[in-house]
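Just need the structure, nothing else, for what follows:
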Amino acid sequence: MLSLSIGMRQSFGLFMAPITQAIGLTTAEYTLAIAVQNMAWGVTAPFVGWLCDRFGALWVMIAGGLLYAAGLVVTIHATGVISLLLGAGILVGVALSCTGSSIAMSITAKATSESRRSTVLGLVTGLGSLGTFLAAPMAQGLMMSKGWQGALWGFVGLALVMLPLALLAGMIDRGAARQPHRPAAALPPMLAQALAHGGYVVTALAFFVCGLQLVFITTHLPNYLAICGQDPMLGAQAIAVLGGSNVIGACVFGWLGGRYPKHLLLGGVYIARSMAVALYFLASPTPMNTLIFASAMGFLWLGVVPLVNGLVAQMFGLRFMATLTGLAFLNHQLGSFLGAWGGGVIFDALGSYDMAWRFGVLIGLVAGLAQMLMPSLRPRG
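Got it, this is the predicted structure:
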């Protein structure tokens with residue numbers, strides 16, 4: 001389920017050129033819809049996480065699959081920026097809250113022993129990234145034969161496949177029901193405890209940079225390559241390579257997170273990403289350079305997910321893991337909003353992406369150092 005959900009989401013950059021041309025939108029208007037998608041995902045993630053922690057994951061995930069399909073259908077029939085904001089923006093964004101990494105990681109953590117948790121979180125994250133390896137080439141191939149609307153109808157089919165997968169993943173609720181009953185804690189005190197914890201605050205703030213860098217790349221890399229005169233299929237290939245490299249990187253960092261300090265690994269990932277972005281944009285965007293860059297970024301991509309989720313579990317336990325990771329993810333999505341929409345605004349204003357990638361490199365270096373120097377992992381109270 002995670003694989004299909006994230007795979008489709010990370011392929012929306014491929015639709016920028018055909019949708020803007022067909023509907024008559026600017027780059028900034030299209031990227032605003034992607035930015036709204038990320039904000040809807042982030043804003044609803046804490047609430048969806050609380051629903052999952054409080055009432056179980058099954059119906060949350062089923063609702064997510066249906067909302068995903070509905071958002072894609074609205075996008076197919078979009079006639080302007082408002083309908084695009086509703087479909088690709090709000091509906092798909094809420095659906096991602098119900099089917100994305102916060103819910104998947106919470107379910108995985110509850111089904112896994114503490115000694116194996118970081119490794120298994122990395123494994124699930126890695127396998128979840130295989131969806132990009134499927135969705136991006138599928139979308140590009142369907143666009144070439146059936147047009148962008150035909151490609152999105154293919155995505156509708158993938159969204160519906162998530163429904164039976166949600167039924168299987170929702171079996172974790174039965175195990176939770178057999179646990180001794182514990183009274184529900186109120187959300188405001190829990191939020192206050194998290195915001196008073198220095199390590200949690202630093203991790204959440206650094207997560208902002210993760211969203212900014214990665215959504216900027218998935219949204220704007222295909223357009224950047226087109227401007228540089230590269231074959232349109234190269235953008236799809238690059239995103240597919242990102243997804244394939246994710247499998248290795250997420251598993252490796254999940255394994256490392258069970259053996260070494262997670263905050264040091266996280267900081268190292270953010271710094272390595274910034275260096276990779278700087279080297280790529282300073283060089284010519286040849287097919288080989290692009291695929292090497294995509295491979296490096298893919299390796300560093302979702303490795304942060306088992307590390308962040310492992311840190312949250314280490315600081316606060318599992319009881320409200322979906323809620324607390326959802327709160328951190330809200331900050332991630334603020335960065336995603338800026339990466340998607342801000343990149344489009346900068347491009348429309350300056351005619352290039354130079355200023356956008358320079359900002360992304362600088363803020364990534366700052367976040368990496370802050371994460372490495374984060375306060376104690378011990379929770380207060």
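
Name the single longest helix found in the chain.
helix 130-169 (DSSP state H).

and that one, how far out from the chain's middle?
Counting by CA atoms, centre = their mean, to the nearest Å, helix 130-169 is centred 17 Å from the centre of its parent chain.

other SSEs contacting it?
Applying 3 or more CB pairs under 8 Å, 6 or more residues apart in numbering; DSSP states H and E, one finds that helix 130-169 makes contact with helix 2-9, helix 16-23, helix 58-76, helix 92-99, helix 232-257. Every residue, glycine included, has its C-beta placed from N, CA and C.

tell me the angle of that helix relative to helix 58-76?
140 degrees (axes from the mean of the first three to the mean of the last three CA atoms, to 10 degrees).

Go through helix 130-169 and flag the buried ones.
130-140, 142-143, 148-149, 151-152, 154-156, 158-159, 162-163, 165-166, 169 (16 or more other CB atoms under 10 Å).

any residues touching whatever helix or strand Ala367 lives in, and which ones?
Using DSSP states H and E, Ala367 maps to helix 354-372. Contacts with helix 354-372, where a contact means CB atoms under 8 Å, 6 or more residues apart in numbering, come from 202-203, 205-206, 208-210, 212-213, 216, 220, 263-264, 266-271, 273-275, 277-278, 281, 339, 342-343, 346-347.

Mind giving me the PyMOL command for buried ones among those residues?
In PyMOL, a selection of the buried entries from the contacts of helix 354-372 looks like this (16+ other CB under 10 Å):
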select buried, resi 202+203+205+206+208+209+210+212+213+216+220+263+266+267+268+269+270+271+273+274+277+278+281+339+342+343+346+347
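
mean confidence score for stretch 141-150?
Averaged across stretch 141-150, pLDDT comes to 90.

now what about that stretch, what contacts it?
With CB under 8 Å, 6+ apart, stretch 141-150 has contacts from 14-15, 18-19, 22, 76, 151, 153-154.

export these to a markdown table and tack on distance to Gly235?
Shown next, in a markdown table, are the contacts of stretch 141-150 (distance: CB to CB, whole Å):
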| residue | distance to Gly235 |
| --- | --- |
| Leu14 | 6 |
| Phe15 | 11 |
| Pro18 | 12 |
| Ile19 | 14 |
| Ala22 | 18 |
| Ile76 | 21 |
| Ala151 | 14 |
| Trp153 | 21 |
| Gly154 | 18 |
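
which one among the residues you listed gets closest to Cys228?
Leu14 (16.2 Å; CB to CB).

For that closest one, the count of nearby residues, please.
27 (other CB atoms under 10 Å).

Ok, Arg54 next?
The number of residues packed near Arg54 is 13, by other CB under 10 Å.

Please identify which helix or strand holds it.
helix 27-55.

and the angle for that helix with helix 58-76?
160 degrees.

Measure how helix 27-55 sits relative to helix 2-9, angle-wise.
160 degrees.

which other helices and strands contact helix 27-55?
So helix 27-55, by 3+ CB pairs under 8 Å, 6+ apart, packs with helix 16-23, helix 58-76, helix 81-84, helix 92-99, helix 101-110, helix 198-227, helix 321-337, helix 343-350.

Would you confirm that Leu225 contacts Pro285?
Yes: taking CB atoms under 8 Å as the definition, Leu225 is a contact partner of Pro285 at 6.1 Å.

Where does pLDDT dip in the protein?
Residue ranges of the chain with pLDDT under 70: 173-190, 318-319, 376-381.

thinking again about what came up before, pick the most buried one from the helices and strands packed on helix 130-169.
Stretch with highest mean neighbour count among these: helix 92-99 (a mean of 29; mean count of other CB atoms under 10 Å).

now it, how far from the chain's geometric center?
Offset of helix 92-99 from its chain centre (CA atoms, centre = their mean): 11 Å.

Now do it against helix 130-169, angle only.
Using the same axes, to 10 degrees: helix 92-99 against helix 130-169 is 60 degrees.

which residues are in contact with helix 92-99?
Taking CB under 8 Å, 6+ apart as the rule, helix 92-99 contacts 1-2, 5-6, 9, 36-41, 44-45, 48, 60-61, 63-68, 71-72, 75, 103, 159, 162, 166, 326.

Distance of the nearest residue to Ser129 once chain neighbours are set aside relative to Leu165?
Leaving aside its sequence neighbours, Ser129 sits nearest to Asn246 (CB to CB, 6 or more residues apart in numbering; 3.1 Å). Distance, Asn246 to Leu165, using CB to CB, to the nearest Å: 19 Å.

Could you do Ser336 as well?
Ser336 is 24 Å from Leu165, by CB to CB.

same question, Gly13
25 Å.

and if you look at Gly339?
29 Å.

since we're on Ala370, how many residues are nearby?
17.

Sorry, slip of the keys, the one I care about is Pro306.
Pro306, neighbours per other CB under 10 Å, totals 34.

Point me to the helix or strand that includes it.
Per DSSP H and E: helix 304-316 holds Pro306.
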